[in-house]
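Visitor: Generate a structure from the sequence data that follows.
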Amino acid sequence: MRMDLTVQQLRAVVEVADAGGFTTAAKRLHLAQSSLSRAIGEVERRVGVPLFERTTRSLVLTTEGAEFVRIARTVVESFDTGMRHFTGFLAGTRGKVRIATLPSLAAILLPPVVADYRRRHPGVELSIEDALSGEVLEKVRAGDVDLAVTVVSEPLPGLRVHDLAADRFCCVFPRGHRFDGTETLSWTDLTEEPFITFSAASSIRGLVDRTLRATETVPGRAIEARNIAAVAGLAAAGLGISVIPGLVLPLIEFAGLRAVPLESPPLERSIAVVLDPDRPQAAAVKDFLAALLGARDTATALPRHARWVHPT
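Guide: Down below sits the predicted model:
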């Protein structure tokens, strides 16, 4: 049996049941008592059974009415909850923001922004997925995330890019190394030095390799590692030096390595917010983007050898 009942009709039945009569319920619903009485009669006609027993002195639920009110109350409460969520969604105070980023940025750059955003948007669910650079961009293109915070080293056709920050590359080495005591190094100083390199899938590897070639620098024998902690641990064990960008340095403090900026030429990574302009953005996502750019514009503190980049 199909019953085409509106939420307003269900709400009217629940209010009459809770109030125990039409007079109080009509006031709560801002209806004339006669209009409410007709509305209840229409519901009873549609369901095919009386929901209330009416006497001159009282109004009580029938057995069928009690069951109907139980169901109607659940529907009304669910509807009201959904509408409150949707209202918050439109306002940016409800919903979900999905972010893809590199592990070092997830650990160092994003936490202060996320903490500030969470204080102002406690009802928004945040999802932060860390991955390698190529995987991060693929998640944006596939629509698996709303935006990405990642290293951008070349044009990204079809994507919108907001410049955010940059960090400088440094040579890292253990205490007591021959570089100890220096304040800067040139790339050619790395010639024939045993080298700990990142795997080819890392965004760091490509930038470092290009600069080594451009400066005609040939390090010594290399050990390859994918994990940041592994690179640091191998360097700390005296197995070689490495080259690491500024926002990664706080993650390797456990290894006790020294970090000296590289000159001739200085090398920086460009970090940006990347999104698909053809995908509609919910208000919560727009607010998170504003929080990221706001951190840049207010110069929220960054680690040494990292800086915010402002649009020209």
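Visitor: so where do the helices sit in the chain?
Guide: Assigned by DSSP state H, the helices in the chain fall at 7-19, 22-29, 33-47, 63-91, 103-104, 110-120, 133-142, 203-214, 228-236, 283-297.
Visitor: Quick one: closest of those to Asp167.
Guide: Within the helices of the chain, the stretch nearest Asp167 is helix 103-104; the backing value is 8.9 Å (C-beta to C-beta). In this view, the C-beta of every residue, glycine as well, is placed from N, C-alpha and C.
Visitor: Which pLDDT value goes with the closest residue to Ala12 other than its chain neighbours?
Guide: Of all residues not flanking Ala12 in the chain, Ala39 sits nearest, at 4.9 Å (C-beta to C-beta, 6 or more residues apart in numbering). The predicted local distance difference test score for Ala39 is 90.
Visitor: Report how many residues lie close to Ala39.
Guide: With neighbours defined by other C-beta atoms under 10 Å, the count for Ala39 comes to 21.
Visitor: From Pro122, how far off is it?
Guide: Counting by C-beta to C-beta, to the nearest Å, the gap between Ala39 and Pro122 amounts to 38 Å.
Visitor: Tell me what Lys96 is bridged to.
Guide: Under the criterion DSSP bridges, Lys96 forms beta bridges with Glu125.
Visitor: Could I get the contacting residues of it?
Guide: Counting by C-beta atoms under 8 Å, 6 or more residues apart in numbering, Lys96 makes contact with Val124, Glu125, Leu126, Ser127, Ala284.
Visitor: ok, residues contacting stretch 188-195?
Guide: Counting contacts by C-beta under 8 Å, 6+ apart, the residues outside stretch 188-195 that touch it are 171, 179, 212, 215-223, 239-243, 264.
Visitor: now do 10 Å
Guide: 171, 173, 177-179, 182, 208, 212, 215-224, 234-235, 238-243, 260, 262-264 (C-beta atoms under 10 Å, 6 or more residues apart in numbering).
Visitor: ChimeraX command to pick out the buried ones of those residues?
Guide: The following ChimeraX selection, which keeps only the buried ones among these, applies the criterion 16 or more other C-beta atoms under 10 Å:
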select :171,173,177,179,208,212,215,217,219,234,235,240,241,242,243,260,262
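Visitor: thinking again about what came up before, could you identify which of the contacts of Lys96 has the most neighbours?
Guide: For the contacts of Lys96, neighbours were counted using other C-beta under 10 Å, and Ala284 has the most, 25 neighbours in all.
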